[in-house]
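Peer 1: Here is the input, now give the coordinates:
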Amino acid sequence: MAPRTVGVAAEKLVDPGTRQILDADRWDYAVALSRLLQELGHQVIWWQLGDGWRGEILPEVPLLGALPASCQFLTWPTACESFLERANGVDLAIYFDLALAYPQVHEVSVAVAHGVTWDGPLFASRLPTAEEREEWKRRLGIALRNPLKVVTADAGLIHWAQATWPGLQYAFEYIPGFSLPPPALAARSDGPVTVLFPGPFTPERGIGETIRAMEALMVRHGDLRFRLSGRGEPAVEEYLAEWVERHQGATLDRLPLTYDLLGEVDIALFPVKSGPGPILACLRAMAAGKAVIVGWAGGLSGLVLQEHTGKIVSPGAESLAEAIEELALHPAKRRLLADNAREAVAHAFSLERWRRRWTRLAEKLLD
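Peer 2: Down below sits the predicted model:
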């Protein structure tokens with residue numbers, strides 16, 4: 001395939017003010033996609049919302065914070081039009097956030113839909129009237145139809161779109177997430193079972209239910225250890241810091257979800273209630289050979305086969321506590337789920353498989 005220029009538009013990969021990465025999963029996806037396109041010989045340029053600053057995704061892959069941040073009905077029409085002007089000479093345009101694919105897109109384009117974002121309890125408050133919600137839905141339908149393909153790792157989004165707009169399933173390209181190959185991790189000792197909630201500390205990710213489940217389990221099983229690791233709003237972090245001070249056996253830190261961190265725990269929790277799930281983070285935990293407990297939202301239930309590669313729980317502290325307790329008290333089952341999860345990731349969710357799927361799609365669009 002001859003070298004081409006690929007332009008990518010994103011809402012916010014990094015905070016426009018602090019330049020801090022906002023979501024580790026999205027950043028890892030952006031880096032992996034940029035590296036793949038580079039290795040295919042293409043020049044890659046990213047744009048996101050900002051006031052004219054410049055950064056980079058990788059060496060020779062710039063990230064330009066230059067798109068206007070004017071939001072209407074949860075879409076970014078002025079940013080979309082600005083990107084279309086700036087990317088006039090590119091061969092392929094990638095809309096890394098589906099909401100940017102409205103009102104019009106580059107003639108050779110693909111969008112990435114990271115999952116359902118409108119299933120949370122606060123969504124209606126952002127569009128309080130029926131007329132506003134209808135206009136948002138109309139724009140979303142256009143954004144789904146505009147690109148040549150919409151890539152997603154969340155089959156739930158495809159089902160929802162098909163039910164909402166019959167026939168739209170043909171617009172999608174299902175490309176599951178990936179996990180980087182894990183290093184050799186030392187076997188866990190026979191010490192206390194350690195349970196990790198890797199953040200971020202938001203209601204959508206289930207931090208409230210996690211805390212209540214941990215409190216109940218601490219009463220019944222004093223030898224369990226709980227670890228909260230990640231970031232949240234300052235008030236939430238302050239509350240959690242006070243909470244771990246009051247509860248022996250619980251710790252709080254701000255470490256990202258690395259394989260080193262996963263090597264220190266036995267069970268990883270992803271009890272997502274709404275919004276896009278941390279698919280890459282969950283796959284990383286599975287690849288590290290950890291037993292995972294996930295919620296059924298955010299595309300995570302598509303990664304886990306119930307009682308074979310992990311446990312899927314309904315929203316609520318009680319169901320989460322029951323799942324943790326079962327795995328903590330039955331080490332043989334915990335190890336079986338962890339081993340199955342590691343094998344599943346190596347077979348179905350490897351980085352190489354993900355790269356092959358994206359390569360085929362890029363070749364089809366560019367050629």
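
Peer 1: Show me where the chain dips below the pLDDT cut-off.
Peer 2: 1, 186-187, 189 (pLDDT under 70).

Peer 1: tell me the strands in it, going along the chain?
Peer 2: 5-10, 43-49, 53-58, 61-67, 92-95, 109-113, 149-152, 172-174, 194-197, 225-229, 250-253, 267-270, 291-295, 311-313 (DSSP state E).

Peer 1: JSON lines for those, including mean neighbour count?
Peer 2: The C-beta positions use only the backbone N, C-alpha and C, and glycine is treated the same way. Shown next, in JSON lines, are the strands of the chain (neighbours: other CB atoms under 10 Å):
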{"stretch": "strand 5-10", "mean neighbour count": "24"}
{"stretch": "strand 43-49", "mean neighbour count": "22"}
{"stretch": "strand 53-58", "mean neighbour count": "14"}
{"stretch": "strand 61-67", "mean neighbour count": "20"}
{"stretch": "strand 92-95", "mean neighbour count": "26"}
{"stretch": "strand 109-113", "mean neighbour count": "25"}
{"stretch": "strand 149-152", "mean neighbour count": "22"}
{"stretch": "strand 172-174", "mean neighbour count": "18"}
{"stretch": "strand 194-197", "mean neighbour count": "24"}
{"stretch": "strand 225-229", "mean neighbour count": "22"}
{"stretch": "strand 250-253", "mean neighbour count": "16"}
{"stretch": "strand 267-270", "mean neighbour count": "28"}
{"stretch": "strand 291-295", "mean neighbour count": "28"}
{"stretch": "strand 311-313", "mean neighbour count": "22"}
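
Peer 1: Let me have these in CSV, adding distance to E322 as columns.
Peer 2: What follows is those, written out as CSV (distance: least, CB to CB, whole Å):
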stretch, distance to E322
strand 5-10, 39
strand 43-49, 42
strand 53-58, 42
strand 61-67, 44
strand 92-95, 41
strand 109-113, 33
strand 149-152, 31
strand 172-174, 32
strand 194-197, 13
strand 225-229, 16
strand 250-253, 19
strand 267-270, 13
strand 291-295, 10
strand 311-313, 8
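
Peer 1: out of the ones you listed, nearest to C282?
Peer 2: Proximity to C282 (CB to CB) singles out strand 267-270 among these, at 5.0 Å.

Peer 1: so what strands line up beside that closest one?
Peer 2: strand 194-197 (parallel), strand 291-295 (parallel) (DSSP bridges).

Peer 1: Tell me which of those approaches L40 most closely.
Peer 2: Taking the strands paired with strand 267-270 one by one with CB to CB, strand 291-295 is closest: 32.6 Å.

Peer 1: Show me the residue at the heart of the protein, geometrically.
Peer 2: With distances taken as CA atoms, centre = their mean, P278 lies nearest the centre of the chain, 3.6 Å away.

Peer 1: Pretty sure that residue sits against A268.
Peer 2: No - taking contacts as CB atoms under 8 Å, P278 lies outside contact range of A268: 10.2 Å.

Peer 1: Mind listing the shared neighbours of these two?
Peer 2: P198 (CB atoms under 8 Å, 6 or more residues apart in numbering).

Peer 1: Contact partners for the residue nearest to the centre of the chain?
Peer 2: D25, P198, R205, F270, V272, G298, L300.

Peer 1: Could you let me know which of those ends up closest to R35?
Peer 2: The closest of those, once distances to R35 are taken by CB to CB, is D25, at 16.0 Å.

Peer 1: okay, now that closest one: neighbour count?
Peer 2: 19 (other CB atoms under 10 Å).

Peer 1: Who are the contact partners of it?
Peer 2: P278, I279, L280, A281.

Peer 1: Pull the number of nearby residues for the third one.
Peer 2: Okay, so that is L280. L280: 22 neighbours (other CB under 10 Å).

Peer 1: is it true that it touches G177?
Peer 2: Yes - the pair L280 and G177 qualifies as a contact (CB under 8 Å) at a distance of 5.3 Å.

Peer 1: Run through the residues that contact the nearest residue to E233 once chain neighbours are set aside.
Peer 2: Nearest non-adjacent residue to E233, counting by CB to CB, 6 or more residues apart in numbering: F201, 7.6 Å away. Applying CB under 8 Å, 6+ apart to F201 gives the contacts I207, L228, G230, R231, G232, E233, V236, E237, L240.
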